[in-house]
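how does the following fold in three dimensions:
(chains A and B)
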Amino acid sequence: MNLLSSILISSLCALLVVIPASLVPTRTAHAGEGDAVIDPPTIPAGIAQEDSPPTELSPEDLKAIEDALAADAATVPAPAPPPPPSPMASFFQSMNPNLSLILDVALAAFSSRDPDQRGAHDPVRSGFNLQQLELHVDASVDPFFRFDANIVFALFGVEVEEAFITSLGFPAGLQMRAGQFLTRFGRRNPTHPHSWNFLDQPLVLGKFFGGEGNRGLGVELSWLMPTPWYAELLVSSTEAGGDCCNRSYRGSLDAPLSGPEDLLYTFALKQFFPFGADVGLNWGLSLQLGPNATGAGNRTMIAGTDLYLRYKPTGATGRTSLDVTVEALFRSRSLPGRVLQDVGLFAEARWLIDLSWAISARHEWVGGLADDPLDPEWTGARNRTSLAFDFYPSHFGRFRLQLASDAMAWRSEPVFGAMLGFEVVTGEHGSHGF
Amino acid sequence: MNGRRIQSLSFGLVATLLTTGLLSVTPARADLRIVATIPDLAAVAKAVGGDNVTVEALASASEDPHYVDPRPSFLPRLARADVLIAVGLQLEIGWLPPLLINARNSAIQVGGAGYIDASTFVSHKLQVPTMQIDRSMGDVHPGGNPHFHNAPAPMIEVARGLGERFASLDAKHAAAYRARARAFAAQLQAVADKTSTRLAKLPASKRRVVVFHDSFRYLIQWLGLEQVTTIEERPGIRPSPARVAAVMGTMRAMAARVIIQEVWHLDGVSRMLAQKAPGKLVKITGGVTTLTGEAYLAYLESLASEIIDALQ
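Sure thing, here's the model as predicted:
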């Protein structure tokens, strides 16, 4: 996206903030508003000059005037109290979308000049890194649809991460999303970096999908199944191009679509099983099918499973909780004359100690292949272990210290990394999923 | 199995399941299925709805209603609900919206016939901001204090409001809803009157309390107490040592002997203040554990008794 577009979008966003503020009614007091107009006294007609009262006042007259004024002041009713402020004046009503801005910045130090971070918003070099400035916009379009958008600003560009509509009342538990969106493959892919437990993207997602995760323009249909437990089935069809988001599929291939077979299809089954009020388990199965860039009708399949176990004692003080996430992906790519298959997974645990502190640990294992045209250097296993320590000064800000050891089979030495990041959220109070 | 065959099988599976789902739509029911965000609203809804409603609550009484986990298990309940009752005033803003969207139930979307914002029934909301607010003031509620569910007066209005809304949704039982609403409002008033009688003998000097989080304004107004300070300097921000020292000084200077807080907040600071000031710590739950009107009335009475006993 060019500089002119960046300026136009930034100006539009600024207007959306400024216009509502300028519409808040203000009251200004007008001096003398409501005051009676007092005319100067006039001598009644018919009173001869020689009968006019004397112009100079005696001390007795002055005393009488003072007493009369004092008596009047004592009987003047107190001015009416100002009307109570209208609740709506402060709880401002607007048809403008809800806006929030989320800023993520990190200071990083790596033991290698090329730490090979795979996420597009990861800290990628030693020094300060602007991970992202995300503008989230949401609003009801009408009783039938809702609009959501996430626009990400980087130092040198703007991208539309997501912009989609969601149906609100389709029958029989159905729901549609349409537009640009992160596909609901697995657990981590549909989420945004600011909601992650770590400052960087899981390696397997970067390797299989791309630095931005798997996303594209398309449509999704999901079905909340009529079961006593939560079970949701979904299918989506999205564009399969872009190195950022579909590197195992069409990637940078810039050829026109031949037909529906050139789109990417994602299927997922998501279920949740509660074990009492304090423990819950999310289990997902995902499958993706799409064309890859090697031509001749060659296709890629990625299958995955994800587990999310959460323990949050509802009777405990301080909002402590423990989460464990495990996600594993299998990729199979048809190439001319061969089939490449590889696997990657990550497992992470997060302990929210109380409102202010959290500790997270993650281990990632991603296999490699000899002679892989997408990642020729990734010839063996890559193991990365990370620890993160979070401090929340409030619900709307976070500081994170993250340490990592990244051992790549094709390098003689592991890469060590230390990152200190902060995140702040401003604007409308966001909501979180499970 | 090649990719094309997998695709075909997948489409077939989806089509079959879709057809099964559409054919399994259940017929209309006579009663109203009500889901409330917090237990107290569910209990009042049951008192008003009687046998003509089934009620469920999403949060438990021991959970901070600001930070309820939006469990996927809530979705089937919301999908089948006729009515959703929320507290409003952005109390549930951190977790309810994604549940509403994913419930795919147009009746309970904001503005839908079955969406009830209980705060709209409360005519005298407390702490409605009269100036521009922002987050430097802490996690403030821009529409006013939403914690009106632990006092009779606002809940009398809520009960009457629910009676009217249920009557409009289920005209067949309209008279019953309105009658139960009036009866329950009278019971709530009786609780309020009984407490007033008991409190009448308590001198003003013994009515001073301190709270951890500023969520008891309606309760304190009901009991005729005086809230001298909050331990949190700003809502949602942990108190600093200087703040705690200041609160201790205030407690001693004002002879405030009771600290009130909810069970889900850390209580180390409150316990220390109760020991040093000195005073008594009263920890209260967020509502009833049994979703009935009787339980809610008993909860209000026990709440008042616990605080009055601590003050005496």
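
count of residues packed around B:R252?
Here the number of neighbours of B:R252 (other Cβ atoms under 10 Å in any protein chain shown) works out to 13. Just so you know, the C-beta spots here come from the backbone N, C-alpha and C atoms, and that holds for glycine as well.

doesn't it belong to a helix?
Yes. Looking at B:R252 with DSSP: H, G, I helix; E, B strand; the rest coil, it is inside a helix.

I figured it hits B:A277, correct?
Yes. Using Cβ atoms under 8 Å, B:R252 makes contact with B:A277 at a distance of 6.0 Å.

and chain B, what are its domains?
B:32-127+B:137-193, B:200-311 (automatic domain parsing).

turn those into CSV, including mean pLDDT.
Formatted as CSV, the domains of chain B follow (pLDDT from 0 to 100):
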stretch, mean pLDDT
domain B:32-127+B:137-193, 95
domain B:200-311, 92
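
wait, which of these is closest to chain A?
Evaluated with Cβ to the nearest Cβ, the domains of chain B place domain B:32-127+B:137-193 nearest to chain A, the distance being 2.6 Å.

hmm, that closest one touching chain A?
Yes. Interface with chain A: domain B:32-127+B:137-193 contributes B:60, B:62-64, B:67, B:69-73, B:75-76, B:79, B:90, B:93-98, B:101-107, B:109-112, B:125, B:138-139, B:142-144 (Cβ under 8 Å from any Cβ of the partner chain).

weed out the non-buried ones from those residues.
B:60, B:62-64, B:67, B:69-73, B:75-76, B:79, B:90, B:93-98, B:101-106, B:109, B:112, B:125, B:138-139, B:142-144 (16 or more other Cβ atoms under 10 Å in any protein chain shown).

and the helices in the stretch 201-350 of chain A, which stretches?
When assigned using DSSP state H, counting those that start in this stretch, the helices of the stretch 201-350 of chain A occupy the ranges A:203-208.

where in it is pLDDT low?
Filtered on pLDDT under 70, the stretch 201-350 of chain A yields no residues whatsoever.

strands of that one, start to end?
Secondary structure of the stretch 201-350 of chain A (DSSP state E, counting those that start in this stretch): strands located at A:215-224, A:230-238, A:264-275, A:279-291, A:299-311, A:321-335, A:338-352.

columns mean neighbour count on top of the ones you listed, output as JSON lines?
Putting the strands of the stretch 201-350 of chain A into JSON lines (neighbours: other Cβ atoms under 10 Å in any protein chain shown) gives the following:
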{"stretch": "strand A:215-224", "mean neighbour count": "21"}
{"stretch": "strand A:230-238", "mean neighbour count": "21"}
{"stretch": "strand A:264-275", "mean neighbour count": "19"}
{"stretch": "strand A:279-291", "mean neighbour count": "20"}
{"stretch": "strand A:299-311", "mean neighbour count": "20"}
{"stretch": "strand A:321-335", "mean neighbour count": "19"}
{"stretch": "strand A:338-352", "mean neighbour count": "17"}
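
including distance to chain B, could the ones you listed go into TSV?
Shown next, in TSV, are these (distance: least, Cβ to the nearest Cβ, whole Å):
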stretch	distance to chain B
strand A:215-224	6
strand A:230-238	4
strand A:264-275	4
strand A:279-291	5
strand A:299-311	4
strand A:321-335	8
strand A:338-352	11
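
want to throw those into JSON lines with distance to A:F399?
Below are the strands of the stretch 201-350 of chain A laid out as JSON lines (distance: least, Cβ to Cβ, whole Å):
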{"stretch": "strand A:215-224", "distance to A:F399": "29"}
{"stretch": "strand A:230-238", "distance to A:F399": "34"}
{"stretch": "strand A:264-275", "distance to A:F399": "32"}
{"stretch": "strand A:279-291", "distance to A:F399": "28"}
{"stretch": "strand A:299-311", "distance to A:F399": "24"}
{"stretch": "strand A:321-335", "distance to A:F399": "19"}
{"stretch": "strand A:338-352", "distance to A:F399": "15"}
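
and stretch B:294-312, which residues are buried?
Result for stretch B:294-312 [16+ other Cβ under 10 Å]: buried residues B:A295, B:Y296, B:L297, B:Y299, B:L300, B:L303, B:A304, B:E306, B:I307, B:I308, B:A310, B:L311.

how about these in a markdown table, adding secondary structure?
Below are those laid out as a markdown table (three-state DSSP):
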| residue | secondary structure |
| --- | --- |
| B:A295 | helix |
| B:Y296 | helix |
| B:L297 | helix |
| B:Y299 | helix |
| B:L300 | helix |
| B:L303 | helix |
| B:A304 | helix |
| B:E306 | helix |
| B:I307 | helix |
| B:I308 | helix |
| B:A310 | helix |
| B:L311 | helix |
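
show me what contacts whichever residue of the stretch 51-200 of chain A sits closest to chain B?
For the stretch 51-200 of chain A, the residue closest to chain B is A:G169, as judged by Cβ to the nearest Cβ, at 2.6 Å. The contact partners of A:G169, by Cβ atoms under 8 Å, 6 or more residues apart in numbering or on different chains, come to A:P143, A:F144, B:R104, B:N105, B:S106, B:A107, B:Q109.

list the ones among the residues you listed that fall in helices.
Among the contacts of A:G169, DSSP state H puts none in helices.

of these, which is the nearest to A:E232?
Using Cβ to Cβ, B:R104 comes nearest to A:E232 of those, at 10.0 Å.

touching, the closest one and A:G173? I think so.
Yes. Assessed by Cβ under 8 Å, B:R104 is found in contact with A:G173 at 5.5 Å.

intersection of neighbour lists for those two?
A:L224, B:A79.
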